[in-house]
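Asks: below: sequence and its predicted model.
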Amino acid sequence: MLSVDVVTIFPRMLEAPLADGIVQRARDKGLLELRVHDLRDFSSDKHRSVDDAPFGGGPGMVMKAEPFVRAVDHALPGGRGAGDAVVLLSPRGRPFDQATARRYAALTRLVLLCGRYEGIDERVAETVASEEVSLGDFVLTGGEVAALAVIEATTRLLPGALGDEGSAEADSFADGLLDYPHYTRPAQVDGRGVPEVLLSGDHGRIRRWRRKESLRTTRARRPELLDRAPLTAEDRALLREIETEEKVLA
Ligand code: 4FN
């Protein structure tokens, strides 16, 4: 059982998406316990303020540290143990990836802290968070959308979370390659057909074609993924075929 606590000033941004799909099913099955906390509940003044002007001046507001400290104390009564992580969603964090999702899926408790405004008092990253992760290199108005992505990627890896759709390990991304192209009926769309091998009924040829197209797309679009993917001897042979085909076409 994984327990996830999210701290945000916009709890409704998370509640509806997390009450649907695989995440809600994991909650129903008792695989995931999820709580969304309103940061304002941990403020200390009658105005429930969670932000203040930046020391040193400048535009905008900075999120105060203490409400985050109190929210994490509330989420982890008795302190942080070996199976716990307190993660600040931040563009300064390490890129979130599938390996990080696997690590989070093996935790007991995961606490996600979402920033807003110009940023968060640095002492949250220094003393409250155990790590910082980023969804990618773009500007967001807050960490909430990143938290949703982290929760979804992590939840689907919890044992039993995926039902009939098959196991997370059977997924194409589990071996670090991009997907092969998918097709379904009808056989013609706007005059474009379906690769004949997929209609051949030859499952050996189909498997090989799909593997080759996965390798081809990964090589063309995300070649850095090939460096870390566990490639078999057959994969290397298929990659050589792809390189030869490219030279012929050039
Ligand atoms: N974003 C950049 C550089 C400087 C600032 C930002 C930015 C929300 C509180 C952080 C953004 C992206 C991925 C959280 C971006 C993420 C955030 C994330 C995020 C309000 C301060 C802020 C990367 C473009 C160079 C706003 C780039 N993953 N500041 O977006 O929280 O988790």
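Replies: Arrived safely.

Asks: packing partners of the longest helix along the chain?
Replies: Longest helix in the chain by number of residues, with DSSP state H as the criterion: helix 203-221. In terms of contacts (3 or more CB pairs under 8 Å, 6 or more residues apart in numbering; DSSP states H and E), helix 203-221 is packed against helix 223-228, helix 233-249. Every C-beta, even on glycine, is put in place using the N, C-alpha and C of the backbone.

Asks: give me the mean pLDDT for the shortest one.
Replies: Same thing as helix 223-228. In this model, helix 223-228 carries a mean pLDDT of 98.

Asks: CA atoms only for it, dumped as PDB, please.
Replies: The C-alpha trace of helix 223-228 is given here as PDB (Å, rounded to 0.1, in the frame of the first residue of the first chain):
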ATOM      1  CA  PRO A 223      18.200   8.400 -30.100                       C
ATOM      2  CA  GLU A 224      19.400   9.000 -26.500                       C
ATOM      3  CA  LEU A 225      16.800   6.400 -25.300                       C
ATOM      4  CA  LEU A 226      18.600   3.700 -27.300                       C
ATOM      5  CA  ASP A 227      21.700   4.200 -25.200                       C
ATOM      6  CA  ARG A 228      19.900   3.100 -22.000                       C
END
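
Asks: what residues of it count as buried?
Replies: Of all the residues in helix 223-228, those buried under the rule 16 or more other CB atoms under 10 Å are residue 226.

Asks: got the phi/psi numbers for residue 119?
Replies: Note on residue 119: its backbone torsions stand at phi 160, psi -180 [degrees, to the nearest 10].

Asks: ok, what's across the strand from the residue lying closest to it once chain neighbours are set aside?
Replies: Nearest non-adjacent residue to residue 119, counting by CB to CB, 6 or more residues apart in numbering: residue 62, 5.9 Å away. Assessed by DSSP bridges, residue 62 has beta-bridge partners residue 52, residue 119.

Asks: out of the helices and strands packed on helix 203-221, flag the one nearest residue 193.
Replies: Of all the helices and strands packed on helix 203-221, it is helix 233-249 that lies closest to residue 193, at 20.2 Å by CB to CB.

Asks: now residue 53: how far from residue 60?
Replies: Distance, residue 53 to residue 60, using CB to CB, to the nearest Å: 9 Å.

Asks: just to revisit the earlier point, with distance to the ligand added, can I get the helices and strands packed on helix 203-221 in TSV?
Replies: Shown next, in TSV, are the helices and strands packed on helix 203-221 (distance: least, CB to the nearest ligand atom, whole Å):
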stretch	distance to the ligand
helix 223-228	19
helix 233-249	32
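
Asks: which residues touch residue 237?
Replies: Contacts for residue 237 (CB atoms under 8 Å, 6 or more residues apart in numbering) come out as none.

Asks: pLDDT weak spots in this structure?
Replies: Low-confidence segments of the chain, defined by pLDDT under 70, are located at 164-174.

Asks: who's in contact with residue 195?
Replies: Neighbours of residue 195 in contact, by CB under 8 Å, 6+ apart: 181, 183, 209.

Asks: and residue 157, helix, strand or coil?
Replies: With DSSP: H, G, I helix; E, B strand; the rest coil as the basis, residue 157 sits in coil.

Asks: from residue 13, how far out is the spatially most central residue of the chain?
Replies: The centroid of the chain falls nearest to residue 150 when counting by CA atoms, centre = their mean (3.7 Å). According to CB to CB, residue 150 stands 14 Å off from residue 13.

Asks: can you check residue 62 too?
Replies: 20 Å.

Asks: now what about stretch 116-127, what contacts it?
Replies: For stretch 116-127, contacts defined as CB under 8 Å, 6+ apart pick out 9-10, 51, 54, 58-65, 68-69, 88, 90, 92, 113, 132, 141-143.

Asks: which stretches in this structure count as strands?
Replies: 2-8, 32-38, 51-52, 62-63, 84-95, 109-114, 119-120, 131-134 (DSSP state E).
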